[in-house]
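In: fold the following for me, if possible:
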Amino acid sequence: MKIAIIMGSDSDFQVVEKGYNILKDFGVEVDVRVISAHRTPDEAINFAKNAEQNGYELLIGAAGKAAHLPGVLAGCTPLPVIGVPIRSTELDGMDALLAIVQMPPGVPVATVAINGADNAALLAVQILSVKYEDLRMKFKEYKKQMAEKVIEKDKKLSEKLANN
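Out: All right, here's what the predicted structure looks like:
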């Protein structure tokens with residue numbers, strides 16, 4: 001299980017870090033790189049073209065503003081690509097969201113919410129869990145724990161309100 005997270009800028013890591021930590025918690029091998037679709041286009045294309053050969057099974061591309069990185073990656077690899085639009089100050093991330101979600105036919109990029117690196121990581125886990133049963137079991141346990149936390153919060157709120 002090997003994934004690459006590619007960011008357009010090192011400043012994106014503050015968003016990407018949540019997803020990186022989730023993947024590590026699930027036991028997925030993760031490489032994180034800074035490669036710009038605009039400033040280092042040859043590097044982006046070469047990385048994507050060689051990703052499968054280099055053992056990657058999925059790519060996560062995080063980018064803000066014009067956010068071409070996930071699409072460039074998807075255009076150059078047969079691997080699934082998940083795009084994470086990064087919030088910028090100018091248009092609050094809508095520019096990146098629209099750039100990533102509006103891919104032409106034949107070049108799909110799964111897209112999560114603006115700054116949604118955690119969901120990108122969880123979607124990556126779900127995609128890989130089709131192949132890796134142990135990962136699927138870990139994901140089922142994760143969902144169970146999430147549900148238990150909600151039930152506990154509901155119980156605490158009900159008790160609080162009952163005591164008022």
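In: so what's Gly8 closest to, chain neighbours aside?
Out: Ala63 (3.9 Å; C-beta to C-beta, 6 or more residues apart in numbering). (Glycine included, C-beta is placed from N, CA and C.)
In: so that neighbour, which of the three states?
Out: strand (DSSP: H, G, I helix; E, B strand; the rest coil).
In: what about it, how many neighbours?
Out: For Ala63, the count of nearby residues is 29 (other C-beta atoms under 10 Å).
In: repeat for Ile86
Out: 28.
In: can you tell me how far the residue nearest to it when sequence neighbours are not counted sits from Phe139?
Out: Distance criterion C-beta to C-beta, 6+ apart; nearest residue to Ile86, sequence neighbours excluded, is Gly64 at 3.5 Å. Taking C-beta to C-beta, to the nearest Å as the measure, Gly64 falls 28 Å from Phe139.
In: so for those two, which residue has more residues nearby?
Out: Using other C-beta under 10 Å as the criterion, Gly64 and Phe139 rank with Gly64 on top: 27 against 17.
In: residue contacts, the residue nearest the centre of the chain?
Out: Nearest residue to the geometric centre of the chain (C-alpha atoms, centre = their mean): Ala120, 2.6 Å. For Ala120, the contact set (C-beta atoms under 8 Å, 6 or more residues apart in numbering) comprises Gly19, Ile60, Ala62, Ile82, Gly83, Val84, Val112.
In: can you pull the pLDDT of the third one?
Out: To tie it back to what came earlier, the one meant is Ala62. Note on Ala62: pLDDT of 97.
In: so what's it bridging to?
Out: Met7, Val84 (DSSP bridges).
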